[in-house]
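# 3D model of this:
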Amino acid sequence: MRNRHSRSGRAILLAAVIASAITTTLPARADDYTLQDVSRHFRAGGELGGSSINDRGQIAGTRRIGDDWWGVVTGPHGRGARQIGITGQQVEIYDLDDAGRLVGSMLVPELGQSRPFVTADDGQTLIDLGTLGGTYGDAVAINAAGQIAGLSTIPAPMGAGQYPRATFTTRDAKGLRDLGTLGGTMAEATAINASGVVVGWALDATGTQRGFMTGPDGVGMRQVDDLGGDFTLLRGVNAAGVAVGVSKRVDGAYAGLVTGPGGVGATGVTTDDGLEVSFNAINTAGCAVGEIWGPPNAYYAVLRDPQGALVRLNKVVPVPAGTGWLESAIAINDRGQILVSGLDRHVFVLTPTHGQCAGR
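Model prediction:
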């Protein structure tokens, strides 16, 4: 239920999403959400990145201080914060579970490698999860059972560089597995649900990027249904196995993608006024979040409810003066709280006062 933004420039990219089908936009209601500005926890050094929010309202992310990257995690309800890592360790945090266990990537200077990690029970010590033999790896998502999805590079044949591969492991750092591909050379995991179902992207035998989904416990990679074009990227999956992301249609246009349970069936989502859409995460209630691309060449945060209606969050939540607007809805938890990035490096939490996304 989260999305990540990384400095490493890997293959996962947010595609331009060209509008297609029509959906209904709900009327704006100023009392649907309360807004909390948590930017102060991430803004030291002028750079930040919120990446995940758990059901306790803890927020995890990354900030830069000088030449160092540090992990940051708040307390429940976004209150207080502590820093993760040591000088020179270059820690990035991508996800956390409801127990506050963190996953991400760290630099191991003696190896000259970025390695995936999970925090120990003390919430501070970083456990190296290893790689598949390459020099780069990260852990991008963790579920309540301690199952972890991620990425590791592997050496390419004949010494021709390295390939990224999707991985699955557990927090005891035993049994790192290559999830395979869809017939091509590369794959990357982006999210995991409570049953250990992993989603992401993989190349097929023709070199086309497809969305994939595994069965429980990361077993059995298969291609999900998409919109018929030659590009799909999944970024989130909920407990029912409904995945979200972006996909290209047969006519070459892009649209937000919402699959059916188990990745069977595909719905393309666009706005009613021709603006671009992409989804980053989905919660148990079936509420998906992401962004639209609109004038004047900017992103705007969006929510899709279980009935398929789109809510432009800037119309629902008044943003304090001087903080710009809500650019991207990054993550949503099962309480319906939404982690949002804003203009000028702001980070906000939107908490629902009522409605279908409020959950438990």
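# Could you tell me the end-to-end distance of stretch 119-138?
13 Å (Cα to Cα, to the nearest Å).
# Any idea how far it is from the middle of the chain?
Here stretch 119-138 is found 19 Å from its chain centre; the criterion is Cα atoms, centre = their mean, to the nearest Å.
# How about the contacts made by the closest residue to Leu102 other than its chain neighbours?
Nearest non-adjacent residue to Leu102, counting by Cβ to Cβ, 6 or more residues apart in numbering: Thr119, 4.5 Å away. All C-beta atoms are positioned from the backbone trio N, CA, C, and that covers glycine. The contact partners of Thr119, by Cβ atoms under 8 Å, 6 or more residues apart in numbering, come to 84, 101-103, 125-127.
# Would you mind giving the residues you listed as TSV with pLDDT added?
Output for those, formatted as TSV (pLDDT from 0 to 100):
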residue	pLDDT
Ile84	91
Arg101	95
Leu102	96
Val103	96
Thr125	91
Leu126	93
Ile127	93
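# can you map out the helices along the stretch 151-300 of the chain?
With DSSP state H, counting those that start in this stretch as the criterion, the stretch 151-300 of the chain has no helices.
# Residues contacting the lowest-mean-pLDDT helix or strand in the chain, please?
Sorting the helices and strands of the chain by mean pLDDT, DSSP states H and E puts strand 47-53 at the bottom, at a mean of 79. The contact list for strand 47-53 (Cβ under 8 Å, 6+ apart) reads 1-5, 38-39, 42, 59-64, 92-96, 330-333, 337-339, 341, 345, 347, 349.
# sorry, back to before: mind checking which of the contacts of Thr119 are buried?
Using 16 or more other Cβ atoms under 10 Å as the burial test, these include 84, 101-103, 126-127 as buried.
# Format the residues you listed as a markdown table; extra columns: secondary structure and distance to Asp305.
Converted to a markdown table, the buried ones among the contacts of Thr119 look like this (DSSP: H, G, I helix; E, B strand; the rest coil; distance: Cβ to Cβ, whole Å):
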| residue | secondary structure | distance to Asp305 |
| --- | --- | --- |
| Ile84 | strand | 34 |
| Arg101 | coil | 30 |
| Leu102 | strand | 30 |
| Val103 | strand | 29 |
| Leu126 | strand | 38 |
| Ile127 | strand | 38 |
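# before we move on, back to that, any chance of a markdown table for the contacts of Thr119, columns distance to Ala266?
Converted to a markdown table, these look like this (distance: Cβ to Cβ, whole Å):
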| residue | distance to Ala266 |
| --- | --- |
| Ile84 | 38 |
| Arg101 | 33 |
| Leu102 | 33 |
| Val103 | 29 |
| Thr125 | 42 |
| Leu126 | 38 |
| Ile127 | 38 |
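# Need the max-distance pair from those residues.
The most widely separated members of the contacts of Thr119 are Val103 and Thr125, with 13.3 Å between them, by Cβ to Cβ.
# How about the contacts made by the residue nearest to Val264 when sequence neighbours are not counted?
Leaving aside its sequence neighbours, Val264 sits nearest to Asp225 (Cβ to Cβ, 6+ apart; 5.9 Å). Taking Cβ under 8 Å, 6+ apart, we find Asp225 in contact with 259-260, 263-266.
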